[in-house]
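**Q** Here is my input; please provide its structure:
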Amino acid sequence: MMAASGKLASFRLPPLPTVGELIKLYNLRAEKQLSQNFLLDLRLTDKIVRQAGSLRDAHVCEVGPGPGGLTRSILNSGVSDVLVVEKDTRFIPGLKLLSEAAPGRLRIVHGDILTYRMDRGFPENVSKPWEEDPPNLHIIGNLPFSVATALIIKWLENMADRTGPFVYGRTRLTLTFQKEVAERLTASTGSKQRSRLSIMAQNLCTVRNCFTIPGRAFVPKPEVDVGVVHFTPLVQAQIQQPFKLVEKVVRNVFQFRRKHCHKGVEKLFPEACRVELTQEMMRKADVDPVLRPTELTIPQFRALADAYAHLCTQEASLLSYEFREELRVKNLARKIKKIADTSPDKPTGVPRQPC
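**A** Presented below is the predicted three-dimensional model:
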């Protein structure tokens with residue numbers, strides 16, 4: 001026990017300026033347009049890190065470390081290696097100071113997490129077969145609100161394809177979101193927060209809403225509270241269809257979240273065959289067409305996705321059809337017609353040529 005305690009103590013960082021002192025030292029300010037909010041309370045950053053589970057000898061990728069408060073808690077947890085990906089140049093000097101205090105354990109990438117190739121960030125021996133326990137690799141981050149939703153959707157697609165950070169196996173994630181987004185990610189069937197995010201995340205992961213951080217804990221104080229969410233990828237997705245097909249079905253169903261679910265299903269099909277194919281899809285899926293989207297279970301979404309996939313095998317063009325694109329073209333045509341009809345240069349009695 002004493003040896004284990006001594007080993008953990010060897011991971012502790014030496015005395016350093018506080019995060020608040022670093023912010024003053026480097027004259028750092030949170031950029032509102034980047035939705036940056038600093039978390040300075042190390043008790044809270046420690047609590048976030050604990051949600052990831054044991055990090056002893058783990059490899060960690062931290063997203064958007066900023067001034068490095070969460071980074072300190074990760075380094076103090078006994079990790080073997082931390083890779084931080086930071087887009088904002090202003091934070092790099094403070095992170096380099098942390099790197100010097102933790103020799104060989106902190107690597108800094110100055111780049112955008114949305115484009116960074118995380119599949120190249122860690123050694124191959126970290127990997128574990130997908131069917132086995134998750135690898136000792138974690139993604140942790142206090143995400144800027146502006147990128148949080150786009151980032152989790154990107155990672156869910158990577159998860160489905162076993163690309164990006166999931167080439168190493170079922171990599172776990174511990175991330176912060178606006179409280180409302182955290183509630184959507186974990187919302188159960190029938191709840192008001194049930195959404196596209198609920199289905200897409202729970203189809204691929206066990207999702208746990210860990211705890212809520214009050215907005216007053218951040219600098220500057222955001223208008224909303226923040227939720228910490230933990231994701232563990234499932235060995236097998238609940239819906240066995242390609243990610244983009246599942247996302248398309250779920251997105252269309254939820255675009256009319258207060259109406260009966262068949263209203264959203266209709267928009268999967270061109271107008272000429274809309275009624276017929278909607279009825280066929282609902283019948284094949286055996287889903288009650290007057291259920292609200294929030295009332296549908298994941299098995300019912302699975303049945304809808306399977307039915308849609310079957311129809312797409314019969315008519316391949318259905319998969320590329322997008323109702324909103326059709327609507328955009330129609331609106332553009334109306335505008336062109338309106339301009340043509342009111343143009344003073346329009347020759348009287350002579351029909352205009354079509355565009």
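
**Q** Distance check, the closest residue to T297 other than its chain neighbours against I74.
**A** Leaving aside its chain neighbours, T297 sits nearest to T189 (5.1 Å; criterion: CB to CB, 6 or more residues apart in numbering). Quick note: C-beta positions are derived from backbone N, CA and C, even for glycine. Summarising the geometry, the distance separating T189 from I74, computed by CB to CB, to the nearest Å, is 35 Å.

**Q** Which one's more surrounded, those two?
**A** Between T189 and I74, counted using other CB atoms under 10 Å, I74 has the larger neighbour count: 28 against 14.

**Q** wait, what's in contact with that one?
**A** Applying CB atoms under 8 Å, 6 or more residues apart in numbering, one finds that I74 lies in contact with V49, L55, V60, E62, V82, I140.

**Q** where does the second one land in three-state SS?
**A** For L55, the assignment made with DSSP: H, G, I helix; E, B strand; the rest coil gives coil.

**Q** Tell me the pLDDT of the closest residue to it other than its chain neighbours.
**A** The spatially closest residue to L55, leaving aside those adjacent along the chain, is S77, at 4.2 Å (CB to CB, 6+ apart). The per-residue pLDDT reported for S77 equals 95.

**Q** ok, now the one 5 residues further on?
**A** The score at V82 is 97. That number is its pLDDT.

**Q** how about the helices of the stretch 151-300 of the chain, start to end?
**A** Using DSSP state H, counting those that start in this stretch, the helices assigned to the stretch 151-300 of the chain run over residues 179-186, 196-204, 243-254, 261-266, 274-285, 298-314.

**Q** Quick one: list the elements packing against the longest one.
**A** Here helix 298-314 touches helix 196-204, helix 243-254, helix 274-285, going by 3 or more CB pairs under 8 Å, 6 or more residues apart in numbering; DSSP states H and E.

**Q** Correct me if wrong, but V60 is in a strand.
**A** Yes: using three-state DSSP, the assignment for V60 is a strand.

**Q** List the contacts of it.
**A** With contacts taken as CB under 8 Å, 6+ apart, V60 has the following neighbours: A52, I74, V79, D81, V82, L83, L137, H138, I139, I140.

**Q** Look at the second one and tell me its secondary structure.
**A** Just to be clear, that refers to I74. Classification of I74 by three-state DSSP places it in helix.

**Q** what do you get for the last one?
**A** For I140, the secondary structure call by three-state DSSP comes out as strand.

**Q** Distance of it relative to L327?
**A** I140 sits 41 Å away from L327, taking CB to CB as the criterion.

**Q** Settle it for me: which of the two has more neighbours?
**A** For I140 versus L327, the count of surrounding residues by other CB under 10 Å is larger for I140: 31 against 11.

**Q** Now do the nearest residue to the more buried one once chain neighbours are set aside against H230, distance only.
**A** Excluding the flanking residues, the one nearest I140 by CB to CB, 6+ apart is T174, at 4.9 Å. Counting by CB to CB, the gap between T174 and H230 amounts to 5 Å.

**Q** shared neighbours of these two, which are they?
**A** Common contacts of T174 and H230 (CB under 8 Å, 6+ apart): Q51, A52, C210.

**Q** Name the residues of stretch 278-289 that are buried.
**A** By neighbour count, and taking 16 or more other CB atoms under 10 Å as the criterion, the buried residues in stretch 278-289 are T278, E280, M281, M282, A285, V287, P289.

**Q** actually stretch 234-250, sorry about that
**A** Neighbour-count burial for stretch 234-250, with 16+ other CB under 10 Å as criterion, is recorded at A237, Q238, I239, Q241, F243, L245, V246, E247, K248, V249, V250.

**Q** Include distance to P299 and pLDDT when you put the residues you listed into TSV, please.
**A** Rendered in TSV, the data for those read as follows (distance: CB to CB, whole Å; pLDDT from 0 to 100):
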residue	distance to P299	pLDDT
A237	13	98
Q238	8	98
I239	9	98
Q241	13	98
F243	18	98
L245	17	98
V246	13	98
E247	18	97
K248	19	97
V249	14	98
V250	13	98
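
**Q** right, and out of the residues you listed, which lies closest to V265?
**A** Comparing the buried residues of stretch 234-250 against V265 with CB to CB picks out V249 as the nearest, at 8.0 Å.

**Q** what residues are up against the closest one?
**A** Under the criterion of CB under 8 Å, 6+ apart, the neighbours of V249 are V265, L268, F301, L304, A305, Y308.
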